[in-house]
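Q: Provided below are the primary sequence and the corresponding predicted coordinates.
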Amino acid sequence: MSFSQFGDKFTRHTGISRLMEDMGAGLRTPGTIMLGGGNPAQIPAMSDYFHQLLQEMHSAGKLTDALCNYDGPRGKATLLEALATQLRNSLGWSISARNIALTNGSQSAFFYLFNLFAGRCADGSKKRVLFPLAPEYLGYADAGLDESLFVSAKPHIELLPEGQFKYHVDFERLPLSKEIGLICVSRPTNPTGNVITDEELVQLDALAQQHQVPLLIDNAYGVPFPGIIFSEARPLWNPNIILCMSLSKLGLPGSRCGIIIADEKTISAISNMNGIISLAPGSIGPAIACEMIQRGDLLRLSEEVIKPFYHQKVLETIALIRRYLSEDRCLIHKPEGAIFLWLWFRDLPITTEALYQRLKARGVLMVPGHFFFPGLEQPWPHMHQCMRMNYVPDAEQIERAVQILAEEIENAWQA
């Protein structure tokens, strides 16, 4: 039995598949401290809210309606209308339900969009996706049908007080050319927690329009929901921007509901792709989100419950890290959002891949940094000096993990 080229590409071992395998093995191994994955916290107030909401929806027959009927290929019409109204009223965006489509999770949305705007064209030319600010989400790396679909740019690094740093877009060195078919940036960024500034975002939007390509913004953690942003950040959308959102970080990752906001032509294309590949998006997540909007709870809970919970958690985790790792040993990217901390072990005498293996052997799972640079074509030592950690687990687990991390870093230096 042999596979096609498609089969060969999508069955080979990848960073995202290794991460998911290690997470699965860790969940089966008692005592493993899981700081590697992207699972959001089960915030008690949100869990109680969903429990009550689902009971009420069940009593009203709304869960049965969602489970027993297909939605259209753009997704649940009531949610599309409710969300368009919410965004018009709260942000002043000129959109309607025709500007919104749902997908079975954001990961499938990126697969659709990357291959819609990049790859081999009918005239024989090839378009690529530009990531203007590496590091970026490792789940992007293998989402192209064609090889070498992605190209990325190294950031400018600003050193900050208290052992922190921040990445900025290096506009002078962006590899913008005729082969770029799409610009993609996440805000806040997985893995670093970086939030590109309003000025950077406006400049990227202007460059995208100048080169007549869309700007794709991955807003899975951003504003207006779930609102896991700790710095000032103004939401931005216009017909040249494709905005991707999600229900996962509200606390509903199992609902697998991605949201695409774009011009009508792009939304029509996504609808066709949904119909061909999956008939229609799932219905449960959209039914829950629609109910939250109608009750006025979506933005309220994002601002009053979700954002404060994560902000407090990240401050506590940084304090724990500093108890065991000095600024000389570990720099921390300024935590501006998302659910991760990005650690830079400058001049570490081993790679973070080797450090990852040592930690894994001691029951601590984090993610080595080199997976987060899809499309970076020049060697860069910085890639092998960073790691991503999830700060969601309880403080006792995080402290034990940081203790082990500090020990292994000292062992590396002593050796």
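A: Yes, it's here. Numbering: from 1, shown residues only.

Q: Tell me how far Lys62 lies from Ile229.
A: 31 Å (CB to CB, to the nearest Å). Yep, even glycine has a C-beta here, placed from its N, CA and C like the rest.

Q: Ile157 belongs to a strand, doesn't it?
A: Yes - under DSSP: H, G, I helix; E, B strand; the rest coil, Ile157 sits within a strand.

Q: From Ala141, how far out is it?
A: Distance from Ile157 to Ala141, by CB to CB: 22 Å.

Q: Would you mind telling me which of the two has the busier surroundings?
A: Each of Ile157 and Ala141 has its neighbours counted (other CB atoms under 10 Å); Ala141 has more, 18 against 15.

Q: Next one, pLDDT for the residue sitting nearest the centre point of the chain please.
A: Nearest residue to the geometric centre of the chain (CA atoms, centre = their mean): Asn190, 4.9 Å. Looking at Asn190, its pLDDT stands at 95.

Q: for Thr14, same thing?
A: On the pLDDT scale, Thr14 gets 70.

Q: quick one: it and Glu303, what's the gap?
A: 36 Å.

Q: Could you list the buried residues of the longest helix anywhere in the chain?
A: Using DSSP state H, we find that the single longest helix of the chain is helix 395-414. Within helix 395-414, the residues that count as buried by 16 or more other CB atoms under 10 Å are Gln397, Ile398, Glu399, Arg400, Ala401, Val402, Ile404, Leu405, Ala406, Glu408, Ile409, Ala412.

Q: Any idea how many residues pack against the residue nearest to Asp142 when sequence neighbours are not counted?
A: Leaving out its chain neighbours, the residue that sits closest to Asp142 by CB to CB, 6 or more residues apart in numbering is Thr14, at 4.6 Å. Other residues near Thr14 come to 17 when the count uses other CB under 10 Å.

Q: how many neighbours does Ala77 have?
A: Counted with other CB under 10 Å, Ala77 comes out at 13.

Q: any idea how far it lies from Pro374?
A: Distance from Ala77 to Pro374, by CB to CB: 35 Å.

Q: Kindly provide the distance from Asp198 to Ala208.
A: 16 Å.

Q: between the two, who's got more neighbours?
A: Neighbours per residue, other CB under 10 Å: of Asp198 and Ala208, the larger number sits with Ala208, 21 against 13.

Q: name the helices or strands packed onto the one helix or strand Ala208 maps to?
A: Assessed by DSSP states H and E, Ala208 sits inside helix 198-210. If you count contacts as 3 or more CB pairs under 8 Å, 6 or more residues apart in numbering; DSSP states H and E, helix 198-210 packs onto strand 180-186, strand 215-218.

Q: and among these, the most buried is which?
A: strand 215-218 (a mean of 26; mean count of other CB atoms under 10 Å).

Q: how about that one as CSV, C-alpha atoms only?
A: Extracted in CSV, the C-alpha atoms of strand 215-218 (Å, rounded to 0.1, in the frame of the first residue of the first chain):
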residue,chain,number,x,y,z
LEU,A,215,-4.0,40.6,6.2
LEU,A,216,-5.0,37.5,8.3
ILE,A,217,-5.2,38.2,12.1
ASP,A,218,-5.4,35.2,14.4
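
Q: got the contact list for that strand?
A: Applying CB atoms under 8 Å, 6 or more residues apart in numbering, the contact partners of strand 215-218 are 106, 110, 113, 137, 182-187, 201, 204-205, 208, 236, 240-244.

Q: Mind listing the strands it pairs with, and their directions?
A: Strand 215-218 sits in its sheet next to strand 180-186 (parallel), strand 241-246 (parallel), going by DSSP bridges.

Q: still on that earlier bit, of Lys62 and Ile229, give the one with the bigger neighbour count.
A: Neighbours per residue, other CB under 10 Å: of Lys62 and Ile229, the larger number sits with Ile229, 24 against 17.

Q: residue ranges of the strands in the stretch 101-250 of the chain, please?
A: Per DSSP state E, counting those that start in this stretch, the stretch 101-250 of the chain carries strands over the ranges 119-120, 126-131, 150-152, 156-160, 164-168, 180-186, 215-218, 241-246.

Q: Take those strands and write them to TSV, including mean pLDDT and distance to Arg323.
A: Listed next are those as TSV, based on pLDDT from 0 to 100; distance: least, CB to CB, whole Å:
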stretch	mean pLDDT	distance to Arg323
strand 119-120	94	48
strand 126-131	97	34
strand 150-152	97	34
strand 156-160	98	20
strand 164-168	98	16
strand 180-186	98	30
strand 215-218	98	33
strand 241-246	98	33
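
Q: give me the low-pLDDT residue ranges for the chain?
A: Along the chain, segments meeting pLDDT under 70 span 15-20, 22-28.

Q: ok, 80 please
A: Along the chain, the model assigns pLDDT under 80 to residues 13-30.

Q: before we move on, back to that, buried ones in the helix holding Ala208, by neighbour count?
A: Glu200, Leu201, Leu204, Asp205, Leu207, Ala208.

Q: Helices of this protein, start to end?
A: With DSSP H as the criterion, the chain has helices spanning 5-11, 15-28, 44-59, 62-67, 77-91, 106-117, 198-210, 264-278, 284-294, 298-301, 307-324, 352-361, 395-414.
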